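# test case, fold it:
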Amino acid sequence: MPRFRIPRSIDDAVHPDEMALLVYDMQVGIVRQIPDGPRVLARVLAVLGAARRAGMRVFFTRHMSLPPALMGASQYRMGMAWQKVDRPELVKPWFLRDSPGFALVPELAPTEGEAVFDKLAMSAFEGTPLEFALRDCGVQSVAVVGIALEIGIEPTLRHAADLGFLPVLVQDACGAGHLDAAERSVASLRFAGDTLVTDVERFCELLGRPPERRPGSA
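Modelled structure (predicted):
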């Protein structure tokens, strides 16, 4: 028998000392592209508030564009797909550092004890210190909220599982640009079985439990 705890449900997984919250790409220029952006923001704020009250570690990501002179083939392909143009010279770098759209929405202002990582890829782990930071703090699982579920959150959850973390999707605190694609992402994650899926109400309820009521507590 293993000598370590194996979380099998969301009730088992939510331990503030062993879990981190990742707020994915809640940037001005992204939130305003989502029809239900205000609803998603309200639910992200609810999760963030509960995580902060529980003392959970919190990380934010921002998607970053490079100037055209520094963009490579993959970035141009991504830009053409997102912006629905057929020539690279038509791509506009939407998320240049310090541009208005690059900033996190002001309601989510990180505290001094929280970190913001900038990235070029879809997975929050690719090209950022996120994995190092989580392992260095002894984090075992990562809960993800933000935008967009079908674009970057699904790859982040899969990457987390590949790295040995337990991924948790707070589904109704995630926005999507294409609802059908987002539903397919969730169905695929459920089928693979690596990711636990929950909602804001249940997640916040579990974060509010006294330590002695959490599975595995002494």
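
# okay, and residue 145 sits in which element?
With secondary structure defined by DSSP states H and E, residue 145 is part of strand 141-147.

# where's that strand relative to the chain centroid, distance-wise?
The chain centre lies 4 Å from the centre of strand 141-147; the measure is CA atoms, centre = their mean, to the nearest Å.

# how far is the following helix or strand past it from where the chain is centred?
Next helix or strand after strand 141-147 toward the C-terminus (DSSP H and E): helix 154-162. Centre-to-centre, helix 154-162 and its host chain are 10 Å apart (CA atoms, centre = their mean).

# which residues does helix 154-162 contact?
Applying CB atoms under 8 Å, 6 or more residues apart in numbering, the contact partners of helix 154-162 are 22, 24, 122-126, 142, 144, 166-167, 169, 185, 188-189, 192, 194-195. C-beta coordinates here come from the backbone N, C-alpha and C atoms, glycine included.

# of the residues you listed, select the buried ones using a ChimeraX command.
In ChimeraX syntax, the buried subset of these is picked out as below (16 or more other CB atoms under 10 Å):
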select :22,24,122,123,124,125,142,144,166,167,169,185,189,195
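
# now the strands: where do they sit in this structure?
Remark: strands assigned in the chain by DSSP state E are 19-24, 57-63, 115-119, 141-147, 166-175, 196-198.

# where in this structure is pLDDT low?
1, 211-218 (pLDDT under 70).

# longest single helix anywhere in it?
As assigned by DSSP state H, the longest helix anywhere in the chain is helix 37-54.

# which helices and strands sit right next to it?
strand 19-24, helix 28-31, strand 57-63, strand 141-147, strand 166-175, helix 200-207 (3 or more CB pairs under 8 Å, 6 or more residues apart in numbering; DSSP states H and E).

# turn the ones you listed into CSV, columns for distance to residue 72.
Listed next are the helices and strands packed on helix 37-54 as CSV, based on distance: least, CB to CB, whole Å:
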stretch, distance to residue 72
strand 19-24, 23
helix 28-31, 22
strand 57-63, 16
strand 141-147, 25
strand 166-175, 28
helix 200-207, 38
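
# closest to residue 49 out of those?
helix 200-207 (8.2 Å; CB to CB).

# can you list the buried residues in the closest one?
Going by neighbour count (16+ other CB under 10 Å), the buried part of helix 200-207 is 200, 203, 204, 206, 207.

# ok so, going back, any idea of the angle the longest helix of the chain forms with strand 141-147?
150 degrees (axes from the mean of the first three to the mean of the last three CA atoms, to 10 degrees).

# helix 37-54 to strand 57-63, inter-axis angle?
Using the same axes, to 10 degrees, helix 37-54 lies at 150 degrees relative to strand 57-63.
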